[in-house]
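Undergrad: got a sequence here, can you build the structure:
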Amino acid sequence: MQRFLARIALVVLLVAATSTGCADDRQAHGAPVTYPVGLRQLEFGERHLALNIFYPAQPAPEGAKPFPMPMFTNLSFYPDLAPAVDGKRRPLILFSHGRASNGLFYAWFAQKLASRGFIVAALNHYRANTYDASIVYLANKLWQRPLDLSLTADFLLADPFWSPLIDANRIGVAGHSQGGFTSLWIGGARVDADRFLAFQQHWKNNLSVPADLREQMPLDPAPALNVADPRIKAAFAMAPGDIKAFGMDEDGLRQMTTPAYLTVGAHDTWTPVESNAGFAAAHIPGAQLNVIPGDVGHDIYINECDQEGRDTLSEACIDAPGIDRAAIHREASDAAIAFFGAHLGGV
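TA: Modelled structure (predicted):
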């Protein structure tokens with residue numbers, strides 16, 4: 001009997017010793033397990049989509065310098081660290097940035113999720129990002145956004161380096177502004193064909209746009225109608241917009257059966273709550289809505305800024321007096337970790 005009890009005790013110790021960190025695991029003192037964060041940048045595909053991949057990593061070697069982030073602060077991740085090794089496949093979160101923005105503007109979000117065990121793929125949308133943008137893609141071929149995300153998932157799941165690290169059955173999506181809209185769209189909400197055509201027609205008829213660019217704008221809603229990716233299991237949308245202008249109505253929102261969490265500032269004048277996040281949450285079955293009280297604007301979801309950022313990107317970087325962007329980021333990322341943990345499982 002003593003030998004049997006000793007053997008059982010040994011098994012228990014071995015199980016405890018081989019347990020690895022995840023969003024649901026706890027260290028001995030009760031705090032969540034956290035990882036150093038690595039960043040790998042790459043390009044893929046015929047359209048050369050640029051991708052920023054944040055991931056749980058092994059500790060940085062002595063003397064290593066964090067990835068430089070001009071204009072932003074309170075970020076700490078390292079280029080090309082070796083991934084954390086614990087034998088687990090991790091959930092993948094695809095991230096869609098705002099209009100004419102880029103994936104690194106949301107490094108705070110990706111860093112926090114990666115530190116808790118998620119792999120976050122923040123791409124720069126094709127011809128719709130800070131460095132390479134065209135009105136043709138910003139305001140007509142909007143359907144390329146969910147297509148970019150699906151292509152990113154295809155690439156990572158086929159890549160010999162990333163595929164063994166990712167659980168193909170646990171994929172979520174997050175985004176801000178147009179990226180928040182994209183998150184709902186790829187998650188199953190549908191645009192109405194006539195409404196989307198009207199959106200295209202509006203820009204096609206806008207004489208302030210140079211004629212050669214207007215000629216490149218198709219009047220065809222078909223590519224926008226079936227962009228949902230069944231691999232997406234949960235969608236986290238930050239200040240999504242413009243819900244109605246892009247063609248989503250009550251019926252289209254009701255088509256979304258993927259779990260959805262929407263968050264927005266109460267004083268968002270770019271994508272007002274009533275006609276965007278609030279409207280969407282009212283019609284997406286089971287959607288959660290968090291309206292951040294106070295004078296909280298649209299760009300609260302951009303990285304925290306240093307003085308250079310405040311001087312260069314004042315509209316995106318400077319909040320109303322009394323608004324604590326760092327605290328709001330903590331709350332939003334904690335909500336995302338809990339939301340994805342509930343719907344994608346532990347990491």
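Undergrad: Ala235 contacts Gly187, correct?
TA: Yes - A contact is recorded between Ala235 and Gly187 when judged using Cβ atoms under 8 Å, the distance being 3.6 Å. Any C-beta I mention is one placed from the backbone N, CA and C, and that applies to glycine too.
Undergrad: and the two? Which one has more around it.
TA: Counted by other Cβ atoms under 10 Å, Ala235 and Gly187 do not tie: Ala235 has more neighbours, with 31 against 25.
Undergrad: you'd agree the more buried one is in a strand?
TA: Yes - Ala235: assigned to a strand according to DSSP: H, G, I helix; E, B strand; the rest coil.
Undergrad: which residues sit in contact with the closest residue to Pro36 other than its chain neighbours?
TA: Computed as Cβ to Cβ, 6 or more residues apart in numbering, the closest residue to Pro36 that is not its neighbour in sequence is Ala57, at 4.8 Å. Taking Cβ atoms under 8 Å, 6 or more residues apart in numbering, we find Ala57 in contact with 35-38, 78, 81-84, 114.
Undergrad: what residues sit buried inside whichever strand or helix holds Ala326?
TA: When elements are defined using DSSP states H and E, Ala326 is found to belong to helix 325-344. Neighbour counts using 16 or more other Cβ atoms under 10 Å place 325, 328-329, 332-333, 336-337, 339-341, 343-344 of helix 325-344 among the buried residues.
Undergrad: CSV for these, including distance to Ala211 and pLDDT?
TA: Shown next, in CSV, are the buried residues of helix 325-344 (distance: Cβ to Cβ, whole Å; pLDDT from 0 to 100):
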residue, distance to Ala211, pLDDT
Arg325, 42, 98
Ile328, 43, 98
His329, 43, 98
Ala332, 42, 98
Ser333, 45, 98
Ala336, 43, 98
Ile337, 48, 98
Phe339, 45, 98
Phe340, 45, 98
Gly341, 51, 97
His343, 47, 98
Leu344, 47, 98
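Undergrad: out of those, which is nearest to Ser163?
TA: Within the buried residues of helix 325-344, proximity to Ser163 (Cβ to Cβ) peaks at Leu344, which comes in at 17.4 Å.
Undergrad: I'd assumed Ala168 was in contact with that closest one.
TA: No - at 11.7 Å, Leu344 and Ala168 do not qualify as touching, with contact defined as Cβ under 8 Å.
Undergrad: look up how far Met238 lies from the nearest residue to Glu331 once chain neighbours are set aside.
TA: Closest residue to Glu331 apart from its sequence neighbours, by Cβ to Cβ, 6+ apart: Ile292 at 7.8 Å. When Cβ to Cβ, to the nearest Å is applied, the distance between Ile292 and Met238 equals 10 Å.
Undergrad: look at the two and report which has more neighbours.
TA: Just comparing Ile292 and Met238: by other Cβ under 10 Å the higher neighbour count belongs to Met238, 27 against 20.
Undergrad: got phi/psi on that one?
TA: Dihedral angles phi and psi of Met238 (degrees, to the nearest 10) take the values phi -100, psi 120.
Undergrad: contacting residues for it?
TA: Contacts of Met238 by Cβ under 8 Å, 6+ apart are 174-177, 179-180, 262-264, 301, 332.
Undergrad: who are the packing partners of the helix or strand that Arg310 is a member of?
TA: For Arg310, the element it lies in under DSSP H and E is helix 307-312. Counting contacts by 3 or more Cβ pairs under 8 Å, 6 or more residues apart in numbering; DSSP states H and E, the secondary-structure elements packed against helix 307-312 are helix 314-317.
Undergrad: how about Leu94, secondary structure?
TA: strand.
Undergrad: picking that back up, intersection of neighbour lists for Ile292 and Met238?
TA: 263-264.
Undergrad: quick one: the helices in the chain?
TA: With DSSP state H as the definition, the chain shows helices at residue ranges 2-18, 107-115, 135-138, 144-158, 178-186, 193-204, 211-214, 250-254, 277-283, 307-312, 314-317, 325-344.
Undergrad: now for Thr130: which residues touch it?
TA: Thr130 makes contact with 100-102, 105, 124, according to Cβ under 8 Å, 6+ apart.
Undergrad: the same query, at a cut-off of 10 Å, please.
TA: Residues near Thr130 by Cβ atoms under 10 Å, 6 or more residues apart in numbering: 97-98, 100-105, 124.
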